[in-house]
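Undergrad: Pasting the sequence and the predicted model now:
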Amino acid sequence: MTTFRSRSNFSDRKRRGLIGAAVLSFAATVFAEEPVRVSQCELEAHPAPYTHKLVEVSGTVVHQFEAFVIEDPACKAFAGIWLEYGGMTTSPIVFCCCQVAGKRRSHIAAFEGEEVPLIKDPAFKAFDRLVRHDQANPIQATLVGRFFAASEADRGYGHFGMFSLLVIQQVIRR
C-alpha cells in the first residue's frame, strides 16, 4: 500500500524548517563576536579597553525608580553600570532626563553608532518579568551586552548621566 503525504503537512514542516534556520542564522550573527568576561570592578576602574566591546559581566541587578544598574558588592568605590535593553524595547525603569519606561522603539537600539540586538529567550523573559514586577528584590544575573564608557568630556548614561552603560544583548542566567 502506498502512503501519500498531504501537501499542507509538507509545507508546514518546510515553513518550520525555514523559521528554525532563520533563528539559527540570527543567533550566529549575534554571537559572531565572543564576549569578553570581565568584572564590574574592572569595567569601572579601567573602562577604555572595553568601550564598544561585547562583554559578559555578573553581579547584582538593582531595578527600581531611577535605578537600573548592575553592581558588585566588592566594588564599593563605584556606583554600578547603568543597564538598558538592546533590541526594540526600552527598559521598564523610570528615571530623570531622557527615558520613557517600557516603550517600544521604532528601530533596534543603537548607541554611539552601534546597533545592539536583544535575544528574547526564556532567560531574558524571566529576567524582564522580575525587573517589571518585583522591584523590591535585587536580581543576581550574568549579562552579555555592549559596553559604553561614560567620558569626562560628555555626560554618561542613566539617571542624570552619571553612569557607564551596558546595553543588554542576552541574559545568560538570572
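TA: Received the coordinates, thanks.
Undergrad: from here on, contacts and neighbour counts on C-alpha atoms
TA: Will do.
Undergrad: Based on its surroundings, how many neighbours for the closest residue to residue 171 other than its chain neighbours?
TA: The shortest distance from residue 171 to any non-neighbouring residue, by C-alpha to C-alpha, 6 or more residues apart in numbering, is to residue 143 (4.7 Å). Residues lying near residue 143 (other C-alpha atoms under 10 Å) number 25.
Undergrad: Residue 143 contacts residue 56, doesn't it?
TA: Yes. Here residue 143 reaches residue 56: they are 5.6 Å apart, a contact under C-alpha atoms under 8 Å.
Undergrad: Secondary structure of residue 124: a strand, I assume?
TA: No. The assignment for residue 124, made by DSSP: H, G, I helix; E, B strand; the rest coil, is helix rather than a strand.
Undergrad: need the contact list for it.
TA: By C-alpha atoms under 8 Å, 6 or more residues apart in numbering, residue 124 lies in contact with 170-171.
Undergrad: From here on, call the first residue 410.
TA: With 410 as the first residue, the last one maps to residue 533.
Undergrad: Distance of it relative to residue 560?
TA: Residue 533 is 29 Å from residue 560, where distance means C-alpha to C-alpha, to the nearest Å.
Undergrad: And stretch 469-479, what's buried?
TA: Using 16 or more other C-alpha atoms under 10 Å as the test for burial, stretch 469-479 gives 469-473, 476-479.
Undergrad: oh, I was asking about stretch 522-533
TA: Those would be 525-528, 533, for stretch 522-533 by 16+ other C-alpha under 10 Å.
Undergrad: hmm, back to that, compile the buried residues of stretch 469-479 into a markdown table and extend it with columns for secondary structure.
TA: Formatted as a markdown table, these follow (three-state DSSP):
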| residue | secondary structure |
| --- | --- |
| 469 | strand |
| 470 | strand |
| 471 | strand |
| 472 | strand |
| 473 | strand |
| 476 | strand |
| 477 | strand |
| 478 | strand |
| 479 | strand |
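Undergrad: ok, so of those residues, who is nearest residue 443?
TA: Minimum distance to residue 443 across those is 20.7 Å, recorded for residue 479 (C-alpha to C-alpha).
Undergrad: does the closest one really touch residue 489, like I thought?
TA: Yes. Contact criterion C-alpha under 8 Å: residue 479 and residue 489 qualify, at 5.5 Å.
Undergrad: list residues touching both of these two?
TA: Between them, residue 479 and residue 489 share these contacting residues under C-alpha under 8 Å, 6+ apart: residue 449.
Undergrad: Which parts of the protein are helices?
TA: 416-439, 449-454, 531-542 (DSSP state H).
Undergrad: between the ones you listed, which gets the lowest average pLDDT?
TA: In terms of mean pLDDT, the lowest-scoring of the helices of the chain is helix 416-439 (a mean of 55).
Undergrad: what's the spacing between residue 448 and residue 518?
TA: For residue 448 relative to residue 518 (C-alpha to C-alpha), the value is 24 Å.
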